[in-house]
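Enquirer: predicted model and sequence below, questions to follow.
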Amino acid sequence: MSVFVIGEMASAHDGDVDKAKRLVDVAVAAGCDAVKVQFWSDADQLADRRKVPLYYRDIYKKYQIPVEWLAILKRHCGDRIEFMATCFLPQDANVISPFVKRFKVSAFEAQANDLLRAVFVEAKHRQVIISVNQMMPMSDLIKSNQMIMTATTHQRMFRKFFKWGSDAKHSDWQWQHRDTSRAQSIADATFSKTEVLMYCVSEYPATLASVDLSQIRKYSAWPVGFSDHTGDLAMGAFAVCAGATYIEAHMKLVNTDALNPDGGPFAHLPRAFKQYVKNIRKAESVGYGETLPASMHKYRVMTP
């Protein structure tokens, strides 16, 4: 199978580790490649960074998972499914690192330079998946964020695309854009090996009218994905037909708290989620989802 499907539990665990384990089981039963949690170590800091209303601060505190859960849920996944965690704060990149094969950054943090730097430095050779509300060339994402990265496995690309800063304030890699078309070709050639941009609409639920799957078709040189917030059983399959090779969708339990912000209509119940993934696999079986480059195979769950 070429499409990498991620079951997103978000806060549907209601702060109960046993519910979180059951959500892992739901993702396994549905046939997902990975199951993902959302981890932040400091709810107040996350609220401050996002500049959210006061009631969001309480939500972040209520659904903040203890760091101990990472090991517990990783063990529960075992060899059945890959464990993933979204990273929201720069200091959490190295906390999550021992438990994951790839990193995820949400669309809300896609332009947080300090977080991206921490994630890329910690990831080294591992994959980084970045959700974005509008698809853009990786070189534009780098340029818009004025990313500063230390020497990692991407050194070769950055030697061509960036100039070395020699003064004390800028001892890391610094961007200095030169030729746009050349920079884009270098970025595409380098990032096709690891990075994924995942198109999403940050509405919960996202209406069908707000989703523009043609955004996915802007890419052909390297993998792209779709983070689905619609709750539509066919939307993942539609995204695969549009060229997505990574799909992320929310799931919940029958007894997930009705007031839980991640328990809304965009999150699938177990039986529906199984059908959702089945629809994606059907799209694969008729010839879609076969555009995943051969170089990406080693990042899949069975052959990391």
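Expert: In hand now; what should we look at?
Enquirer: roughly how far does residue 267 sit from residue 72?
Expert: 22 Å (Cβ to Cβ, to the nearest Å). C-beta coordinates here come from the backbone N, C-alpha and C atoms, glycine included.
Enquirer: more crowded one of the two?
Expert: Set residue 267 next to residue 72 and count neighbours by other Cβ atoms under 10 Å: residue 267 wins out with 26 against 14.
Enquirer: next up, the contacts around the more buried one.
Expert: Residues near residue 267 by Cβ atoms under 8 Å, 6 or more residues apart in numbering: 10, 12, 231, 250-252, 256.
Enquirer: ranking by neighbours, what's the top pick from these?
Expert: Each of those was scored for neighbours by other Cβ under 10 Å, and residue 252 scores highest at 29 neighbours.
Enquirer: thinking that residue is in contact with residue 263, fair?
Expert: Yes: with contact defined as Cβ atoms under 8 Å, residue 252 reaches residue 263; the gap is 5.0 Å.
Enquirer: joint contacts of the two?
Expert: residue 12.
Enquirer: who does the residue nearest the centre of the chain bridge with?
Expert: Nearest to the mean C-alpha position of the chain, by Cα atoms, centre = their mean, lies residue 104 at 3.6 Å. Residue 104 has these beta-bridge partners by DSSP bridges: residue 86, residue 129.
Enquirer: state the pLDDT value of it.
Expert: According to the prediction, residue 104 has pLDDT 96.
Enquirer: same thing with the one 4 residues further on?
Expert: Each residue has a pLDDT score; the one for residue 108 is 90.
Enquirer: distance check, the closest residue to it other than its chain neighbours against residue 112.
Expert: Nearest non-adjacent residue to residue 108, counting by Cβ to Cβ, 6 or more residues apart in numbering: residue 50, 6.3 Å away. Separation of residue 50 from residue 112 (Cβ to Cβ) stands at 10 Å.
Enquirer: number of nearby residues for residue 198?
Expert: 26.
Enquirer: which residues does residue 74 contact?
Expert: Residues in contact with residue 74, defined by Cβ under 8 Å, 6+ apart, are 83, 99.
Enquirer: I'd like the average pLDDT over the one helix or strand it maps to.
Expert: Using DSSP states H and E, the element containing residue 74 is helix 68-77. Helix 68-77 shows a mean pLDDT of 98.
Enquirer: for stretch 217-231, same thing?
Expert: Here the average pLDDT along stretch 217-231 is 81.
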